[in-house]
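**Q** Okay, predicted coordinates and the sequence, questions at the end:
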Amino acid sequence: MQNSAENDERVMTLVRAALRLPAAERAEFLRVACVDSAEIRSEVAGIVEWEDRMGDFLREPLIDLVELEEPGTPQPFFQPGESVSDRFVILREVGQGGMGIVYEAFDRKRNRRIAIKCAKAGFGRLLAPELEGALRVRHPNICLVNDTHTATTEAGSIDFLTMEFIEGETLSVRLARQDRLAAEEAMEVARQLCAGLAAAHHSGILHRDLKPTNIILSKQEDGRVRAVITDFGLAAELQVASDLDGGTPRYMAPELWNGEKPSKASDVYALGVILHEMVTGQPPRSVQERGNNAVTQLNSLNNEQDKRWNEVILPCLDPDPAMRPQADEVLAVFERQSWLRSPMAAVTVLALLVGAAALWQPIANVFKPADIRLAVLPIQALPDLREMGSGIVQDVVERIQRSQRNGATLVVIPPSEAARNNVNDPRDARIVLHATHALQIELRRNGDRVTADESLIDLATEAHLRDFQGQYAATTWGNIPTALTGAVTSSLRLRQTEAESISPAATLSYDRGLSLLHEDRYTKVEAVAYFEEAARLDPRSPLPLAGLAEAHIGNFKLTKQPAELEMARKAVQAAQALNPDSVTVRLASGALNEVTGQSEKALEDYRRVQELEPRNVEAYIRTGRTYEAVNMPDNALQNYQKAIALQPEYYEAYEWLGTYYYYAGKYTEAAEQFQKAIDRAPGRSNAYFNLGAVLDDLNRDDEAVAALQKSLQLKKTARALNSLGAILAYQGKDKEAADFYEQAVELEPGNYKYRLNVADSYRRLGRRSQSLAQYREGMKYVLGELRQNPRLGPTRAFLGYFKSRLDDQSGAEEEITEALTLAPGDSNVMRFAILVHEALGQRKLALDAANAAPKELLIELKRHPDLADLSRDSRYLQLLSAKNGG
Amino acid sequence: MTAHSEDITLLLQQWSGGNRDAESKLFAVLMPELREIANRSLRRERRNHTLQRTELVNEIFLKLPKTKKIDWQGRCHFLAIVTRMMRRYLIDYARKRPKAVLLSMDGLPEGLMAGKTKLETAVAIDELLDEMEKESPRRCSVVVLISYLGLSPGEAAEKLEMSERTVEREWHEGKKWLFERLSKKPCKTAQKTTNE
């Protein structure tokens, strides 16, 4: 039988029918159905047989990318950078609980950080309906839900709660790390928990599921502890199941076991268990024994003074709910004078008043931060490296000992002691040496290089705080101790031990590189060569490599060549191998994280720099820049201002602040800041350029031209050429403008903005094919940039514009929508929203976009050669005068 | 925005021949298609996946010029090629994240998986599809659309402008072909049918 569509039709219809029948009936069915053709019958039978044999083969799509996770772990709902409900920007995931996932997010409407909590699949709505109206209590020790929302996403709709974002760790994390709280802190936390619970009970709200994972220990502005109870009133029946701890829901009052409903008294019972754990580091015995017996004494109290906890905790644990105190009664005990005047607290106050060192010493132990007992395990290396290795490890031990934290005790247990006790792995370090952390170092030969691996392990959680690896040639072996120490000091936030230095031979090249880097951030190609030279002359210093990374990142910003990014990445890695905790290296690593859209990591880098050097202006400037990138303008502004306050005579922060204002559409303020930058550093082409650009936007043409010419005089840059072109184009002189634009494109072929401008001028001059070619070329570079970082709102807006000019209407609209979601306040995004809708003939949408734009932008766009028609529209003029009036 | 198959074939050919105008038209016509394909590829994927739809589309968009030398046989062929590019990209993506990603292949018989990780099996199938494409581009397109993008035979038929039963037939033959090669012991009753 020939194969044809008809044949397929018949054969496959029969196959379908046959497969629906029980296997035993198929042969008979086919015999009847194919009475006319034995050939068809055998064909169908063959296919059916094969389908049977293949079973479920390929029944599910082959590519199904799924996170490999422990069963039962909740799936994240949102990704960092994602905009939810057009209002919240997800910053990062902060934790996963039994019932859901918590994110840190930014609320654009209220302009503040919040926490978002999503329910795990199947948990439905988190909030018991009758509670929604009641959740209006405000108390510093309670984190109540602000609101409930539903987001529509590709994966379906997601219910989530928004609440105050509280920075800190949960009590359960703290107890896992520290076993128990120091007496003074325990007292303060206990008092606050009672205050919070009492306030809630007073308003008729039950917690229903109080436990250490629902308590966050944060800090008040004055540095004192702030304990906050979260997840009030969430559907408890869902949570209990999630908190089975070895079969015992530890915090559940005995009456709940018998099916009674949660009550204020059951909350108080949970509070009692928590206080017990906080003070003694263990659950009460009744819980351990799973019995209903009354607790008569706290477990493992060895300090006489602590006995007074009995009077608070024991009544809370009474098996009879009616006998338990109310939360505010417990609170009252804490606030009693006699409690406050406990011997310990009195001494503390005295010590503070007298300031006597002798008295202070023993008291300080009460307050001290968590102790670290770091066991450095014997090195793992083959015999030929062992001798060198043990020297390196000894060096690392001594360096870490020198990096004591303020206030905390750091005990380093050297490998010799570990070896004496036969301790070779992290587990034994915890059991035998009572270490809190372990450090494992391994050296391997790798051709003529040595590879060093280092793991820092938190023994309470067995988490690897840091896995460091570096490769070293003979010339850089000497760096191994520095590098291994740096990985530890940065992870444990210890002080730095090594001053950054560079050999005299390499200094000259390094300094040249640096001055090029700072002189003009738009031509860094030459800097690369100097840094490479310096790295060659001093292979042990991480500084030239960090400089090299910065130079490549600068080049990347200029050319958008991914290869630059790759080279920057290599340089950062090489620098980290030499010293991962160097300020300069962390700055370079931060810059790299910034350009690759990993803002969270960048902020972490800069935070560490601020920790090591609290007066490092660059760290504040870059922190500001990063906050701008994640659309947190208030934080950005704060950091720029901090940088200026630290060093008012340094030009750079003014420049960034000016740029900040510029992109916020506040041109007058921007011009002011740029002028300040020029006053402080008059020889910089870039500063004049910035000023020129903003004056241009303020329609002060003559001043703008003068500033730009000054800039070109100092240095011929594509940007200045481009801006001059723009002024001419706005004056209707497209022919002359095209001339400047062409020069700009020639200088920087990879800059899509210049290509866009030259294409616009060509278009207005009627040079259609030239124009389309430039739009297309420009779009390629935009796509290249988005490939590196798809979260760039303004770049998406450019893409939208290119698409509109290349007749891709739906694509253009889509990109503009995405751009507005990613960066709604950005003036370039607003500008292109207007231009794109005009180009597509969508006047109404263009006016809507204009309505959202600041006054300055509208004034500027009035002169845009492509918006002549729009700016004559009475509605546009109305809009403008309304904004002027307001 | 949809375009007839012939238009696309023509545009593809013009573009291969170096016509720049064809390129912009082609992209305008194909972008929605690419987006739809990307949506399909990522449809089943969970939300925590860092790969984004636009990223995937851009990735393919950027790789397309490299396919200029291909002798385009029309829209169906184009779809198959693009889908394969996405597939490669996803597999590479998965490779780089050995811990983070698994490929769901619950239906695979035990024997097929012997000694192989799921990713290795996916790679093996991916390589086999190259071979299949040489034998029968049409069959390969059907397999790719159904097994990679999760289209139903009816949906695939619409995309490929074929009858649904013919797609079902091709799907059967394609599956069988892969199954035989993966189990490496072809069954005697297997009869080879070709539709070319």
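**A** The structure has been received and is ready for your questions.
**Q** Looks like A:Asn214 contacts A:Tyr251 (just checking).
**A** No. Counting by CB atoms under 8 Å, A:Asn214 does not reach A:Tyr251; the two are 9.4 Å apart. Every residue, glycine included, has its C-beta placed from N, CA and C.
**Q** Centre-most residue in chain A?
**A** A:Glu600 (2.9 Å; CA atoms, centre = their mean).
**Q** distance of it from A:Ile116?
**A** 16 Å (CB to CB, to the nearest Å).
**Q** what's the answer for A:Met388, then?
**A** 51 Å.
**Q** Report the separation between A:Ala718 and chain B.
**A** Distance from A:Ala718 to chain B, counting by CB to the nearest CB, to the nearest Å: 24 Å.
**Q** and that residue, how many residues sit next to it?
**A** 22 (other CB atoms under 10 Å in any protein chain shown).
**Q** cool, and A:Ala759?
**A** If we define neighbours as other CB under 10 Å, then A:Ala759 has 28 of them.
**Q** How is the chain partitioned into domains?
**A** Using chain A. For chain A, automatic domain parsing gives the domain ranges A:5-54, A:83-164, A:169-335, A:372-491, A:571-757, A:789-885.
**Q** Chain B was what I was after
**A** B:1-101, B:102-189+B:192-196.
**Q** which stretch in those has the least confidence?
**A** In terms of average pLDDT, domain B:1-101 trails the rest of the domains of chain B, at a mean of 60.
**Q** Wait, the residue nearest to the centre of chain A touches A:Arg92, no?
**A** Yes. Assessed by CB under 8 Å, A:Glu600 is found in contact with A:Arg92 at 5.2 Å.
**Q** Could you name every residue contacting both of those two?
**A** A:Pro80 (CB atoms under 8 Å, 6 or more residues apart in numbering or on different chains).
**Q** what about the residue nearest to the centre of chain A, distance to chain B?
**A** From A:Glu600 to chain B the distance is 13 Å (CB to the nearest CB).
**Q** Which helix or strand contains that residue?
**A** Secondary structure assignment for A:Glu600, by DSSP states H and E: helix A:599-612.
**Q** What are the contacting residues of that helix?
**A** A:80, A:91-92, A:490, A:493, A:495-496, A:581, A:583, A:586-587, A:589-591, A:593-594, A:616, A:618-620, A:622-623, A:626-627, A:629-630.
**Q** Contacts only, for the closest residue to A:Val48 other than its chain neighbours.
**A** Leaving aside its sequence neighbours, A:Val48 sits nearest to A:Ala18 (CB to CB, 6 or more residues apart in numbering or on different chains; 4.9 Å). Listed by CB under 8 Å, 6+ apart, the contact partners of A:Ala18 are A:26, A:29-30, A:44, A:48.
**Q** What residues sit buried inside the strand or helix carrying B:Asp130?
**A** Per DSSP H and E, B:Asp130 falls inside helix B:118-135. Buried positions in helix B:118-135, judged by neighbour count with 16 or more other CB atoms under 10 Å in any protein chain shown: B:118-119, B:121-123, B:125-126, B:128-129, B:132-133.
**Q** Then stretch A:782-802?
**A** Result for stretch A:782-802 [16+ other CB under 10 Å]: buried residues A:782-787, A:789-802.
**Q** Among these, which ones lie close to chain B?
**A** A:783-784, A:786-787, A:790 (CB under 8 Å from any CB of the partner chain).
**Q** What count of nearby residues applies to A:Thr485?
**A** 26.
**Q** where's it relative to A:Asn479, distance?
**A** 10 Å.
**Q** A:Leu558 now?
**A** From A:Leu558 to A:Asn479 the distance is 31 Å (CB to CB).
**Q** now swap in A:Ala846 and tell me
**A** Where A:Asn479 is concerned, A:Ala846 sits at a distance of 59 Å (CB to CB).
**Q** Comparing those two, which residue is more hemmed in?
**A** A:Ala846 (23 against 20).
**Q** pretty sure the more buried one belongs to a helix, no?
**A** Yes. Counting by DSSP: H, G, I helix; E, B strand; the rest coil, A:Ala846 is found in a helix.
**Q** ok, it touching A:Ile834?
**A** Yes. With contact defined as CB under 8 Å, A:Ala846 and A:Ile834 form a contacting pair (5.2 Å).
**Q** between these two, what contacts are shared?
**A** A:Leu870.
**Q** Send me the helix holding A:Glu600 as PDB with only the CA atoms.
**A** Provided in PDB are the C-alpha atoms of helix A:599-612 (Å, rounded to 0.1, in the frame of the first residue of the first chain):
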ATOM      1  CA  SER A 599      23.000  43.800  41.900                       C
ATOM      2  CA  GLU A 600      22.600  41.800  45.100                       C
ATOM      3  CA  LYS A 601      26.100  40.500  44.900                       C
ATOM      4  CA  ALA A 602      27.500  43.900  43.900                       C
ATOM      5  CA  LEU A 603      25.900  45.400  47.000                       C
ATOM      6  CA  GLU A 604      27.500  42.700  49.100                       C
ATOM      7  CA  ASP A 605      30.900  43.500  47.700                       C
ATOM      8  CA  TYR A 606      30.500  47.200  48.400                       C
ATOM      9  CA  ARG A 607      29.100  46.500  51.900                       C
ATOM     10  CA  ARG A 608      32.300  44.600  52.700                       C
ATOM     11  CA  VAL A 609      34.400  47.500  51.400                       C
ATOM     12  CA  GLN A 610      32.500  49.900  53.700                       C
ATOM     13  CA  GLU A 611      33.100  47.500  56.500                       C
ATOM     14  CA  LEU A 612      36.800  47.400  55.900                       C
END
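**Q** after it, next one along is what?
**A** helix A:617-629.
**Q** Who are the packing partners of the following helix or strand past that next one?
**A** Note on helix A:617-629: by DSSP H and E, the next helix or strand toward the C-terminus is helix A:633-646. Contacts defined by 3 or more CB pairs under 8 Å, 6 or more residues apart in numbering or on different chains; DSSP states H and E place helix A:633-646 against helix A:617-629, helix A:651-663.
**Q** I'd like the ones you listed as TSV, with mean pLDDT and distance to B:Pro153 appended.
**A** TSV is the format used below for those (pLDDT from 0 to 100; distance: least, CB to CB, whole Å):
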stretch	mean pLDDT	distance to B:Pro153
helix A:617-629	90	46
helix A:651-663	88	52
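**Q** Out of the ones you listed, which gets nearest to chain B?
**A** Of all the helices and strands packed on helix A:633-646, helix A:617-629 sits nearest to chain B, with 17.2 Å by CB to the nearest CB.
**Q** Single out the residue in the stretch 251-400 of chain A that lies closest to chain B.
**A** Here the residue of the stretch 251-400 of chain A nearest chain B is A:Gln380; by CB to the nearest CB that distance is 23.9 Å.
**Q** Next up, the contacts around that residue.
**A** A:440-443 are the contacts of A:Gln380 under CB under 8 Å, 6+ apart.
**Q** List buried members of these by neighbour count.
**A** A:440-443.
**Q** one step back: which of the buried residues of stretch A:782-802 fall within helices?
**A** A:782-787, A:793-802 (DSSP state H).
**Q** what two of the residues you listed are the furthest from one another?
**A** A:Arg787 and A:Tyr801 (18.3 Å; CB to CB).
**Q** Pick out the residue of the stretch 1-150 of chain A closest to chain B.
**A** Distances between the stretch 1-150 of chain A and chain B by CB to the nearest CB are smallest at A:Asp56, namely 3.2 Å.
**Q** tell me, how many neighbours does that residue end up with?
**A** 11.
**Q** same check, this time on A:Ser42
**A** 15.
**Q** do the same with A:Leu565
**A** A:Leu565 - counted by other CB under 10 Å - has 19 other residues nearby.
**Q** which element is it on?
**A** helix A:562-578.
**Q** and that helix, anywhere near chain B?
**A** No. Under the criterion of CB under 8 Å from any CB, chain B is not reached by helix A:562-578; the shortest gap measures 10.6 Å.
**Q** Which pair in the ones next to chain B among the buried residues of stretch A:782-802 has the greatest spatial separation?
**A** Every pair of these checked by CB to CB; the farthest is A:Gly784 and A:Pro790, at 11.6 Å.
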